[in-house]
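>>> Okay, here's the prediction I keep looking at, along with the sequence it came from:
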Amino acid sequence: MTTTIEAHRLVRRFGRFRALDGLDLVTRPGVTGLLGPNGAGKTTLLRVLATVTPHDEGTLRVLGHDPSTDVGRLAVRRSLGYLPQDAGFHPGFTVFEAVDYVAVLKEHTRSRARHDEVRRVLGLVGLSDVATSKVRTLSGGMRRRLGLAQALLGTPDLLVLDEPTVGLDPEQRIRFRDLVAEAGHGRTVVLSTHQTEDVAAVCSHVVVVNRGQSLFDGTVEELTALAEGRVWLDDRRDPRAQAAWRLSGGVFHHVGDPPAGAELVAPAIEDAYLLLLGPDATQESAA
Ligand SMILES: Nc1ncnc2c1ncn2[C@@H]1O[C@H](COP(=O)(O)OP(=O)(O)OP(=O)(O)O)[C@@H](O)[C@H]1O
């Protein structure tokens, strides 16, 4: 399968701090999930891929284009849907107007076809019923869906979604997973999330980012397999475990090097993530 993004040794500096510190990433059509602790560099990477911010070092090809050239940047933008972490909207716009405005910017010039497209994406994210409501009256989850509708306009070849499921209720989250799985058919979706369940549900490819570098790159199954034989249950908390927490039944779930005779259980993606990151899983890296 053809590669859609090829990033090699990407560096993005803020002053002397390297938010991206030699990161490698290769994607193909399908859904790639970025997992990583706060401050790992996920948003910075997505902003670089979406041509919002340039990289300082390394090479980058997005859909075959070089975003460090004017021509390449424009070509990427024409094939891109981007949901930023803090999508801002004009509060006086209606929901329809907010999406229509972006459709105009995306060069959908014929108004009848454009309005049909706006209605289509509002339907996809379940906002048709509030199309005439002012943006300021929307809940946080609805605003997130509004941002997603803007990103979906024109069925872009590349969708870049920064924490798309934040604020979504369980029903909307399931609907979102359907949408993303559909978008990943033959096209490329790159999303960041703190929800390992989202990654397990929709991502064909997962990259764990930490300190501006890629710590793991593979499938969800390959990531989960890293924790095989390293997850166990016990009635008491074992202080030697790398991480431990109480389950609803009262027993403790442990991750780390199990003691002899431990009651091993099948790992989940979250267990592997915690093992991979070690103490960094709970520590924020800041500039
Ligand atoms: N414009 C900026 N100026 C200075 N430092 C920045 C800037 N943008 C990001 N950083 C720093 O770069 C690092 C990576 O930030 P980034 O937002 O990419 O992380 P993240 O993985 O998306 O985190 P989160 O999960 O909290 O959203 C952080 O330490 C952050 O403080």
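Perfect, I can see it now.
>>> Contact residues of the stretch 1-150 of the chain facing the ligand?
Proximity of the stretch 1-150 of the chain to the ligand, by CB under 6 Å from any ligand atom, involves residues Phe14, Ala19, Gly36, Asn38, Gly39, Ala40, Gly41, Lys42, Thr43, Thr44. C-beta here means a position set from N, CA and C on the backbone, and glycine is covered the same way.
>>> Can you show me the strands along the stretch 51-200 of the chain?
Ranges of strands within the stretch 51-200 of the chain are 57-62, 80-83, 158-162, 188-192, based on DSSP state E, counting those that start in this stretch.
>>> Convert the worst-scoring helix or strand of the chain on mean pLDDT to PDB, retaining C-alpha atoms only.
Ranking every helix and strand in the chain by mean pLDDT, DSSP states H and E puts helix 170-183 at the bottom, with a mean of 89. Presented in PDB, the C-alpha positions along helix 170-183 are these (Å, rounded to 0.1, in the frame of the first residue of the first chain):
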ATOM      1  CA  PRO A 170     -20.900   7.500  24.900                       C
ATOM      2  CA  GLU A 171     -23.500   7.400  22.100                       C
ATOM      3  CA  GLN A 172     -21.700  10.100  20.200                       C
ATOM      4  CA  ARG A 173     -18.400   8.400  20.800                       C
ATOM      5  CA  ILE A 174     -19.700   5.300  19.100                       C
ATOM      6  CA  ARG A 175     -21.100   7.300  16.200                       C
ATOM      7  CA  PHE A 176     -17.700   9.000  15.900                       C
ATOM      8  CA  ARG A 177     -15.900   5.700  15.700                       C
ATOM      9  CA  ASP A 178     -18.200   4.700  12.800                       C
ATOM     10  CA  LEU A 179     -17.400   7.900  11.100                       C
ATOM     11  CA  VAL A 180     -13.700   7.600  11.500                       C
ATOM     12  CA  ALA A 181     -13.700   4.000  10.400                       C
ATOM     13  CA  GLU A 182     -15.600   5.000   7.300                       C
ATOM     14  CA  ALA A 183     -13.200   7.900   6.600                       C
END
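>>> Could you list the residues in contact with that helix?
The contact list for helix 170-183 (CB atoms under 8 Å, 6 or more residues apart in numbering) reads 31, 124-126, 141, 145, 148, 152, 159, 161, 164-165, 168, 189, 191, 198, 201-202.
>>> Domain parsing of the protein, as residue ranges.
Using automatic domain parsing, the domain ranges for the chain come out as 1-79+156-218, 87-152, 224-282.
>>> Run through the stretch 1-150 of the chain and note the low-pLDDT ranges.
Scanning the stretch 1-150 of the chain for pLDDT under 70 picks out nothing.
>>> Could I get the full set of helices for it?
42-49, 70-78, 95-105, 111-124, 140-152 (DSSP state H, counting those that start in this stretch).
>>> now the angle from the longest one to helix 140-152?
Put plainly, it is helix 111-124. Angle, helix 111-124 to helix 140-152, by axes from the mean of the first three to the mean of the last three CA atoms, to 10 degrees: 140 degrees.
>>> now for helix 111-124, which elements pack on it?
For helix 111-124, the contact count by 3 or more CB pairs under 8 Å, 6 or more residues apart in numbering; DSSP states H and E identifies helix 95-105, helix 140-152 as packing neighbours.
>>> I am finished for the moment; much appreciated.
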